[in-house]
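Trainee: Any chance you can model this:
(4 chains)
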2 protein chains.
Amino acid sequence: MSVTIKDIAQVSGVSYSTVSKALNDSPLVKPDTKKKILQVAKDLGYTPNFVAKNLVSKKSNTIGLVWPTIEQTALSTLVTEINNQVVKNNYFMMLSINDTNHAVEMFNKFRVDGVIIFEGETPLVKTFESTLPILTYGVANNNPYPIIDVNHRKAIYEAVSYLNNLGHQKISYIGYPSHKDKRQIEKLKGFHVAMDEIGLKTDENSTINTDGLTWFDGYTATKKLLQGPTIPTALISGSYDLSVGILRAVNECKLKVPEDISIISYDNIPQMARLETPLTSVGVPIGELAEKMVNSLLDLINKTNSFPLTEVMEPVITKRGSCSPPADVKADERFS
Amino acid sequence: MSVTIKDIAQVSGVSYSTVSKALNDSPLVKPDTKKKILQVAKDLGYTPNFVAKNLVSKKSNTIGLVWPTIEQTALSTLVTEINNQVVKNNYFMMLSINDTNHAVEMFNKFRVDGVIIFEGETPLVKTFESTLPILTYGVANNNPYPIIDVNHRKAIYEAVSYLNNLGHQKISYIGYPSHKDKRQIEKLKGFHVAMDEIGLKTDENSTINTDGLTWFDGYTATKKLLQGPTIPTALISGSYDLSVGILRAVNECKLKVPEDISIISYDNIPQMARLETPLTSVGVPIGELAEKMVNSLLDLINKTNSFPLTEVMEPVITKRGSCSPPADVKADERFS
DNA sequence: TTGAAAGCGTTACCAC
DNA sequence: GTGGTAACGCTTTCAA
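Mentor: Numbering: from 1, shown residues only, chains lettered A, B, ... in the order given. Predicted coordinates for the structure are as follows:
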């Protein structure tokens, strides 16, 4: 049985409503009394009961984050960043790694103030009536909830343009366009749109399906590509994890980055700089993204503004020296 | 404003205490009434308010898991497994990735039924009086809370014995014995104890400090080792992530596993079998560990037995073909 | 089999 | 400034 404000009231000889005020640092209570009450609370080892507090105040100061796929580096980083933002705003964050519908149902029962959902493989169905503010992180597409989209399509589009401007013609995209993960599909679309626009043809050598998102999937696919007849001059990787494997394959094939082959990776996270070969990357900087997400959810909770249903964040390219003009262009330049 | 049992009561024309009983499937309410009430609840889109429920029942059916370092593969896997066990027992699980003391304080305020703590870098201090059942996962050592220890020391000890029995003399341990992470220190101790016992000397070539726990740390350290003058015939890796890097380095040095070099890794997780070269590994099988942890915490919560303060689980070796006798022994055998 | 009422630990409002 | 008390949504006696 734990200590309650009534216990504190009894010991310090005041009413428990006064204790409540003191504990909440209300200006309505005399400094002396407050000080005494606080001391007693401490002596008694009082821990506020949030359950009771939340019941009456109808507010939990807590947000829930649904995160069904815990094994992708970039997402882990995003979760960590979101948590920092949440704490900075004096909220708590709870994670659930269950499937989306189960997790949301649970958070709803616990009356968290809001929920962030990482769109996963299970499509998000609006299964229940609720006023629970929900923000999703995924691909905008007449979604039932407000969504933060990071424009995956444009990110890869920009990557292609960037490489092409350097003079690359033989560009391959290495990714995993699973039909279940919209984000991955968008990336591939960006690739096709850009290539079409430039007038470059795409074939099975320019779009490599890794059939998975682990580093090893990236490794296997790239190894196969590089041992084939046509080696591209530039590679676009679909994620950080894939890049780890791509780098390994490139290395084993004795190719130098960027001299022999240029690489640009999706996922704009700090870890890119700490790879054996730091990679130029494209995407929304993770810190910015986290801040946007948390602020948006908080706005949604406090209804401080009419937050648009869809917010698309634009990717930026962060250069880390892994891209240069292709060998032939460099050669040409020597004579020009 | 959400639907409450009073709303249901009004619509179905019964008292709200009857509704409560019906919702809890009490045998005290007539099947007909129950059915009707359930229907009304569904029509109204009722979601039980756990906050209120928990307040009166003093039970949340929820456990909290403190997980400050979310970026280690083996730990992600363990968390996933624990979650499965928790769900199987009809509990909920909430994660916190904050530092231990902050997280426990939060879980305590929310009155979760129990907490599992992954010992991290911050030493665990008993900062508050509380009856909150807490189970830690770490290294047994007059810990303030019940602990599940997986005998890291013995795991590496067994690995050394196993390799030595195969005929290896030149064995290196590759790990990160950071002074802040007891688990890592224990592993190194196991190595030394075993080597001493066998009568093999250890030097800076047999204990490699990776200075980090990512795959790249493993890669760098191993690369350096293999380019040195003395190449061991067998390697013991401190973790799955390190093994990924070790394998890469071994590969780049054109060494074949197990022909040229044997490798055994700590962390008995299924991913070991899916590596490019499946690795024999040692440790407590992750599923078993998760089950033990959840059952122990639940026992602690329900006080069904006097759970010992310390429970040490024994490691097992799972063979996956990455170890064989060293080349010289094999050669000897040919003539014997 | 159903209903009434107390109570869980708080906050918030209204008296004093 | 401080105290009394209703209310939050639910479970759990106890009575009917």
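Trainee: residues contacting A:Glu71?
Mentor: Listed by CB atoms under 8 Å, 6 or more residues apart in numbering or on different chains, the contact partners of A:Glu71 are A:214, B:73, B:76. For glycine as for every other residue, the C-beta is placed from the backbone atoms N, C-alpha and C.
Trainee: That one and B:Asn24, how far apart?
Mentor: 38 Å (CB to CB, to the nearest Å).
Trainee: and the residue nearest to A:Pro48 when sequence neighbours are not counted, what pLDDT?
Mentor: Leaving aside its sequence neighbours, A:Pro48 sits nearest to B:Lys109 (CB to CB, 6 or more residues apart in numbering or on different chains; 5.9 Å). We have a pLDDT of 89 for B:Lys109.
Trainee: before we move on, what about A:Leu124?
Mentor: pLDDT, A:Leu124: 65.
Trainee: ok, now the one 10 residues further on?
Mentor: What the model reports for A:Ile134 is a pLDDT of 92.
Trainee: Same check on A:Arg320?
Mentor: 97.
Trainee: Return the residues in contact with A:Val79.
Mentor: Taking CB under 8 Å, 6+ apart, we find A:Val79 in contact with A:65, A:67, A:95, B:70, B:97.
Trainee: Just among the residues you listed, which is most surrounded?
Mentor: Highest neighbour count within the contacts of A:Val79, by other CB atoms under 10 Å in any protein chain shown: A:Leu65, with 28 neighbours.
Trainee: Mind jotting down where the helices sit in the stretch 51-200 of chain A?
Mentor: A:73-88, A:100-109, A:152-166, A:182-198 (DSSP state H, counting those that start in this stretch).
Trainee: Would you tell me which of those helices gets closest to A:Ser239?
Mentor: With CB to CB as the measure, helix A:73-88 is the member of the helices of the stretch 51-200 of chain A nearest A:Ser239 (6.2 Å).
Trainee: Quick check: A:Asn90 touching A:Thr62?
Mentor: No - using CB atoms under 8 Å, A:Asn90 is not in contact with A:Thr62, being 10.8 Å away.
Trainee: just flag whichever of the helices of the stretch 51-200 of chain A has the lowest average confidence.
Mentor: helix A:100-109 - the lowest mean pLDDT of these, at a mean of 88.
Trainee: How far off centre is it?
Mentor: Remark: helix A:100-109 is offset 20 Å from the chain centroid, using CA atoms, centre = their mean, to the nearest Å.
Trainee: can you give me the angle that helix makes with helix B:73-88?
Mentor: For helix A:100-109 against helix B:73-88, the angle by axes from the mean of the first three to the mean of the last three CA atoms, to 10 degrees is 70 degrees.
Trainee: For helix A:100-109, C-alpha coordinates in PDB please.
Mentor: C-alpha atoms of helix A:100-109 as PDB (Å, rounded to 0.1, in the frame of the first residue of the first chain):
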ATOM      1  CA  THR A 100      -0.500  -1.500 -35.200                       C
ATOM      2  CA  ASN A 101      -4.100  -2.300 -34.400                       C
ATOM      3  CA  HIS A 102      -3.400  -4.100 -31.200                       C
ATOM      4  CA  ALA A 103      -1.100  -1.400 -30.100                       C
ATOM      5  CA  VAL A 104      -3.400   1.500 -30.800                       C
ATOM      6  CA  GLU A 105      -6.200  -0.300 -29.000                       C
ATOM      7  CA  MET A 106      -4.000  -0.700 -26.000                       C
ATOM      8  CA  PHE A 107      -2.900   3.000 -26.100                       C
ATOM      9  CA  ASN A 108      -6.500   4.000 -26.400                       C
ATOM     10  CA  LYS A 109      -7.500   2.000 -23.400                       C
END
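Trainee: Excluding chain neighbours, what is closest to A:Ser12?
Mentor: A:Ser12 sits nearest to A:Val40 (CB to CB, 6+ apart), 4.5 Å away.
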